[in-house]
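Asks: got a predicted structure here, sequence first:
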Amino acid sequence: MSLQSHDHLLSIAQKAALEAGNMLKEAFGTSFRIDSKEGRHNLVTEYDHRAEDMIISCIHSAFPDHIFLAEESGSTGAPADTIRWIIDPLDGTVNFAHSIPIFCVSIAAEQSGKLLCGVIYAPMTSELFTGTHGGGAYLNGQALSVSTTDNLEDAILVTGFPYNAWENPQNCIDHFSRFVRMGLPVRRLGSAALDLAYLAAGRFDGYWEVSLNAWDVAAGKLLLQEAGGMITQYDGSPHNLYNGTMLATNGRIHKAMSKILTEQVS
């Protein structure tokens with residue numbers, strides 16, 4: 001698929017993200033239905049569903065043969081070599097439900113295991129992060145590049161916790177404690193997609209998390225790679241969009257973070 005075709009995919013993804021994001025912005029702070037999914041504080045609102053329906057409808061109108069993997073409605077078919085859209089209609093639902101203005105729409109297109117384009121739209125700040133495979137990453141049209149922080153001691157990090165964090169899966173609480181005990185500032189936005197977008201923009205230097213889903217990170221992964229960053233599993237092995245841990249950095253502090261994340265917890 002040519003870069004021009006990637007750009008066509010991106011234009012539709014942008015249209016879908018902007019439409020859904022602007023609807024979320026209008027709904028923010030109003031009264032709406034909130035339900036619970038499996039896991040403590042794992043919420044879903046009526047606007048998760050509305051935004052997802054809007055996004056799928058927009059993309060399906062342009063590409064009727066494409067398939068989807070979306071957070072609320074699941075998968076519409078086996079990928080094979082068909083382009084599949086990976087969608088999180090509202091990443092940061094808990095924030096949205098509590099009138100905290102940190103959430104986004106995340107949309108990516110994938111084909112045969114390769115991410116083709118990605119869009120993350122944060123409606124409350126009007127920030128549109130976009131990228132295509134081989135075409136770079138951008139924020140509202142301005143090219144993005146990861147930070148130049150060389151030493152972990154000088155870094156600002158970001159992370160998130162799974163809904164079963166009290167069980168300390170894959171030592172997530174221990175890892176958080178280790179970085180904090182180093183005196184490092186560690187942020188917790190509540191949106192994996194925005195964590196990666198901010199990392200691509202050089203606002204953060206490193207990010208790690210467990211128990212992520214493809215829709216949480218697909219668009220952000222492409223953006224970060226196009227901005228010059230690095231993404232692997234904790235041990236440095238290739239990152240799997242559908243399984244495993246995620247370590248994402250500016251590349252310069254990757255080995256230092258990997259060392260801490262793979263050390264035996266006493």
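Replies: Received it, and whenever you're ready, just let me know what you need.

Asks: for the rest of this, base every contact and every neighbour count on C-alpha atoms.
Replies: Will do.

Asks: where does the protein dip in pLDDT?
Replies: 1-4, 37-42, 79, 163-172, 265-266 (pLDDT under 70).

Asks: point to the residue nearest the middle of it.
Replies: Centroid-nearest residue in the chain: residue 193, 2.3 Å away (criterion: C-alpha atoms, centre = their mean).

Asks: name the surrounding residues that touch whichever helix or strand it is part of.
Replies: Assigning secondary structure by DSSP states H and E places residue 193 in helix 192-200. By C-alpha atoms under 8 Å, 6 or more residues apart in numbering, the residues outside helix 192-200 that reach it are 91, 103-104, 106, 120, 122, 129, 137, 144-147, 158-160, 189, 204-207, 216-217, 219-221, 223-225, 227-229, 248-250.

Asks: return the subset of those residues lying in helices.
Replies: Secondary structure assignment by DSSP state H places 216, 217, 219, 220, 221, 223, 224, 225 of those in helices.

Asks: helices of this structure, residue ranges please.
Replies: Going by DSSP H, the chain shows helices at 3-27, 46-62, 93-97, 172-181, 192-200, 214-226, 254-262.

Asks: tell me which of these sits most buried.
Replies: helix 192-200 (a mean of 29; mean count of other C-alpha atoms under 10 Å).

Asks: please compute how far that helix lies from its chain's middle.
Replies: 6 Å (C-alpha atoms, centre = their mean, to the nearest Å).

Asks: and that helix with helix 214-226, angle?
Replies: Relative orientation of helix 192-200 and helix 214-226, computed by axes from the mean of the first three to the mean of the last three C-alpha atoms, to 10 degrees: 10 degrees.

Asks: got the CA coordinates for stretch 188-200 in CSV?
Replies: Backbone C-alpha positions of stretch 188-200 (Å, rounded to 0.1, in the frame of the first residue of the first chain) are rendered in CSV as follows:
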residue,chain,number,x,y,z
ARG,A,188,-0.8,8.7,35.9
LEU,A,189,-3.2,10.2,33.3
GLY,A,190,-5.7,7.4,33.1
SER,A,191,-5.4,7.1,29.3
ALA,A,192,-2.8,4.8,27.7
ALA,A,193,-3.4,6.4,24.3
LEU,A,194,-2.6,9.8,25.6
ASP,A,195,0.4,8.5,27.5
LEU,A,196,1.9,7.3,24.2
ALA,A,197,0.9,10.5,22.3
TYR,A,198,2.5,12.6,25.0
LEU,A,199,5.6,10.4,24.8
ALA,A,200,5.7,10.9,21.0
